[in-house]
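Trainee: predicted structure and sequence below. I'll ask about it afterward.
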Amino acid sequence: MHFMTNDELKTKFIEIFGYKEEGKDVYYNEKLRVFAAPGRVNLIGEHTDYNGGYVFPAALKMNTVVVARARKDRIIRLAATDLEERVTASLDNLEEYKNLKWGNYQLGVADQLQKHGYKIPGCDMLFHSTIPFGAGLSSSASIEVATALTLATLGLELFNDSCEDTCIGANENTSVNRGIDLIQLALISQKAENQYVGVNCGIMDQFASAMGKADHAILLNARDLSYKLVPLKLEDCKIVITNTNKKRGLADSKYNERRKECEEGLKYLNEAFPNARYLCDIDYEEYKKKEYLIKDEVIRKRVEHVLSENNRVLKSVEVLEKGNLDEFGKLMCESHASLRDLYEVTGIELDTLVNEALKIKGVLGSRMTGAGFGGCTVSIVKENAIDEFIEVVGRNYYDKIGLKASFYISEIGDGAAEL
């Protein structure tokens, strides 16, 4: 979707919602506020999260922007720049809107905020996204986090005691100058997607959208949410995300199958590591001494991927802290090979994109990102090679697979904020 300036978005907002409602005093003031939350890409650390390991996402410069105006009543009105449909809902009976085709992510967040003790106002909200939908870049998480930040900020200002004991006060995760805990907003957003929308997602997407920082990736322990910002200076490179545009039929069933295989692997290893609750509680080097305990060869391959991948994430942090982007690129390639050969979740489309990418001079690393069986690859590409990358990889992929790939170029941006 094309970029729109804040002024253009405010003009569009007035076009849709008007300056005021005829004969009614429904607004606190006429000031329009603008908030944003980004999409994300996971750079390395795939299928480690549900095994108690590390992931390594980064926020992108593609985002969801919300223009908002608080109302004195309990009505929420939603619109988007690229959709005709409009949603009007009451904050007093949000359960009724769960089955909306569009708007359920936003109303789910409003529902969870209220359940967590936040006092939120009615609101008119216009959404504009530069994140391609369905590309695995977490457009839904960015909608949720942008909504959560908008409503929580307006509520805190208007009601001053927006949260009860369940709302954590200002700390290092706090949105600039406001007592708003961004990590809690990420958790609330995840809960909205799980319980209101009915999608069983993990926390990584919302966490990266809320807590991202320009020129940094996030080392995140998916189990306890401990995290560390790691410098990632791309210098003369950009991140290029390539979408296979394959319809993803297998991903869900295979995902469940892999989770089961990991649980089996842990049962074998508990003989030597009785205190391990998750696979990633086991050190990779220690595992290598005991891998013979896993009698099933397929399960051994799955465990080998998870533990070596968790190790690669930690190595990535080491090399990036030394500013070694080339070495990080090699780790990305190793990650893809492991996902292909050991975890077996890539498929011909993703493998072709990675193989073709690595033939281009100026590509430091390339790998699948996400659950697999379609979806996207992420590559680090020198700026002067991007045109060739898009042309040659796109052409060769089409010749071999018969599908047209989509390419998205991005840098690493900041997390959720008021603009």
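Mentor: Nice, thanks for sending it over.
Trainee: what comes up buried for stretch 180-198?
Mentor: Going by neighbour count (16 or more other CB atoms under 10 Å), the buried part of stretch 180-198 is 180-194, 196-197. Glycine gets a C-beta too; all of them are placed from N, C-alpha and C.
Trainee: in helices only, show me these.
Mentor: Per DSSP state H, helices hold the following members of the buried residues of stretch 180-198: 182-191.
Trainee: now stretch 254-263: how far from the chain's centre is it?
Mentor: Between the centre of stretch 254-263 and the centre of its host chain there is 22 Å, according to CA atoms, centre = their mean, to the nearest Å.
Trainee: same question for stretch 359-371.
Mentor: Relative to the centre of its chain, stretch 359-371 is centred 19 Å away, using CA atoms, centre = their mean.
Trainee: how far does it stretch from start to finish?
Mentor: With CA to CA, to the nearest Å as the measure, the ends of stretch 359-371 fall 24 Å from one another.
Trainee: looking at the chain, which helix or strand is least sure?
Mentor: The least trusted helix or strand in the chain, going by mean pLDDT, DSSP states H and E, turns out to be helix 251-269, with a mean of 89.
Trainee: ok, residues contacting that helix?
Mentor: 47, 50-51, 276, 278-279, 282, 287, 290, 293-296, 298-300, 302-303, 306, 343, 345, 371-375 (CB atoms under 8 Å, 6 or more residues apart in numbering).
Trainee: any of the residues you listed buried? List them.
Mentor: Burial by neighbour count, 16+ other CB under 10 Å: within these this picks out 47, 50-51, 276, 278-279, 282, 287, 293-294, 299-300, 302-303, 306, 343, 345, 371-375.
Trainee: keep only those of those residues that are in helices.
Mentor: Using DSSP H, the members of these that fall within helices are 287, 299-300, 302-303, 306.
Trainee: can you pull the contacts of the residue most central in space within the chain?
Mentor: Nearest to the mean C-alpha position of the chain, counting by CA atoms, centre = their mean, stands Asp205 at 2.7 Å. Contacts for Asp205 were tallied using CB under 8 Å, 6+ apart; they are 40, 57, 138, 140-141, 190.
Trainee: turn those into JSON lines, including pLDDT, secondary structure and distance to Glu356.
Mentor: Written out in JSON lines, the entries for these read as follows (pLDDT from 0 to 100; DSSP: H, G, I helix; E, B strand; the rest coil; distance: CB to CB, whole Å):
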{"residue": "Arg40", "pLDDT": "94", "secondary structure": "strand", "distance to Glu356": "25"}
{"residue": "Pro57", "pLDDT": "96", "secondary structure": "strand", "distance to Glu356": "25"}
{"residue": "Ser138", "pLDDT": "83", "secondary structure": "coil", "distance to Glu356": "25"}
{"residue": "Ser140", "pLDDT": "90", "secondary structure": "helix", "distance to Glu356": "29"}
{"residue": "Ala141", "pLDDT": "93", "secondary structure": "helix", "distance to Glu356": "29"}
{"residue": "Gln190", "pLDDT": "93", "secondary structure": "helix", "distance to Glu356": "35"}
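Trainee: out of those, who's the most crowded?
Mentor: When neighbours are taken as other CB atoms under 10 Å, the top entry among the contacts of Asp205 is Arg40 (31 neighbours).
Trainee: once you drop chain neighbours, what's closest to that residue?
Mentor: The shortest distance from Arg40 to any non-neighbouring residue, by CB to CB, 6 or more residues apart in numbering, is to Ala208 (3.7 Å).
Trainee: could you do Asp281 as well?
Mentor: Here the residue nearest Asp281, using CB to CB, 6+ apart, is Gly52, at 6.1 Å.
Trainee: can you check Leu358 too?
Mentor: Nearest residue to Leu358 in three dimensions, chain neighbours excluded: Ser366, at 5.8 Å (CB to CB, 6+ apart).
Trainee: okay, that neighbour: pLDDT?
Mentor: Predicted confidence (pLDDT) for Ser366: 98.
Trainee: isn't there a strand covering it?
Mentor: Yes - remark: Ser366 belongs to a strand, assigned using DSSP: H, G, I helix; E, B strand; the rest coil.
Trainee: the helix or strand where Ala59 lies: what's the following helix or strand?
Mentor: When elements are defined using DSSP states H and E, Ala59 is found to belong to strand 57-71. Using DSSP H and E, the next helix or strand after strand 57-71 towards the C-terminus is strand 75-80.
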